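1. Fold the following.
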Amino acid sequence: MPVIHRSSVLTRTLAIVGTVLVWTPILAPVLFSAIATGRGRPFRIDYLMPAELFLVALAGSGLLIWAALRAHSRLRPICWGLGIAVGLLVASQVLAVLTGLASGEAEPAGVGWVLVLAMLGGYVLALVATGVAGVLLLRDLFKPSPMLIK
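-> Down below sits the predicted model:
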C-alpha cells in the first residue's frame, strides 16, 4: 500500500472542502441574520437552520474523515464530533415527535421544549467541535515539513 503524504493535494482539498461544509450550517444563520439586520430589519436568527442543513454537515464530515484517514491525523475528534452530533439531532427529533412538539399538538413550552432545545444546542456544539477539528487538521496539513526548515 503506498504511503500517503500529508501534503497530498487530494488530502488538502478534502480537508478544505470538508471544513467549509461542516461550518456552513453554523455560519449560515448568522450571516443571513447579519444581512437582514444590515438592511434595516430586526435581528432574528433561525436557530433550526443548523438542523435543516444537517446533510451539508454530514457530507463535510465524511470528507473530513476521509482526509483524516489519509493524513493519519485528527480522526478521533472528527468521528466523535460527528457521532455526538448525529445522536443529539436524532434524539431531539424523536423527543419532539413523542412530546407532540413536532406536530404542533403541544405548545412550545415546558420540560419537553427545553430538552429539545438543549439537544439542538448540543448538536450545534458538536458540529462546532467537528469544525474545530477540521481547522486543526488543516493546520497539520499545511504546517511546513521539519525537513524543509533550516
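2. From now on I want contacts and neighbour counts done on CA atoms only, so please keep to that.
-> Will do.
3. Just want the most central residue of the protein.
-> The chain has Leu127 as the residue nearest its centroid, 3.0 Å off, counting by CA atoms, centre = their mean.
4. Would you enumerate the residues in contact with that residue?
-> Val22, Trp23, Ile26, Ala57, Gly81, Leu82, Ala85 (CA atoms under 8 Å, 6 or more residues apart in numbering).
5. and the first one, how many neighbours?
-> Spelled out, it's Val22. Counted with other CA atoms under 10 Å, residues neighbouring Val22 total 31.
6. Could you shift the numbering so residue one becomes 58, and keep it that way?
-> Sure, I'll start numbering at 58, so the last one becomes Val79.
7. what does the average pLDDT come to for the strand or helix carrying Ala124?
-> Per DSSP states H and E, Ala124 falls inside helix 111-128. Per-residue pLDDT over helix 111-128 has a mean of 95.
8. Put the alpha carbons of it into PDB.
-> Extracted as PDB, the C-alpha positions of helix 111-128 are listed here (Å, rounded to 0.1, in the frame of the first residue of the first chain):
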ATOM      1  CA  PHE A 111     -27.500  18.500   8.500                       C
ATOM      2  CA  LEU A 112     -26.900  16.800   5.200                       C
ATOM      3  CA  VAL A 113     -24.300  19.500   4.300                       C
ATOM      4  CA  ALA A 114     -22.500  19.000   7.600                       C
ATOM      5  CA  LEU A 115     -22.700  15.200   7.100                       C
ATOM      6  CA  ALA A 116     -21.100  15.500   3.700                       C
ATOM      7  CA  GLY A 117     -18.400  17.700   5.100                       C
ATOM      8  CA  SER A 118     -17.800  15.400   8.000                       C
ATOM      9  CA  GLY A 119     -17.400  12.500   5.600                       C
ATOM     10  CA  LEU A 120     -14.800  14.400   3.600                       C
ATOM     11  CA  LEU A 121     -13.000  15.300   6.800                       C
ATOM     12  CA  ILE A 122     -13.000  11.600   7.900                       C
ATOM     13  CA  TRP A 123     -11.500  10.700   4.500                       C
ATOM     14  CA  ALA A 124      -8.900  13.400   4.800                       C
ATOM     15  CA  ALA A 125      -8.000  12.400   8.400                       C
ATOM     16  CA  LEU A 126      -7.600   8.800   7.400                       C
ATOM     17  CA  ARG A 127      -5.300   9.800   4.500                       C
ATOM     18  CA  ALA A 128      -3.300  12.100   6.800                       C
END
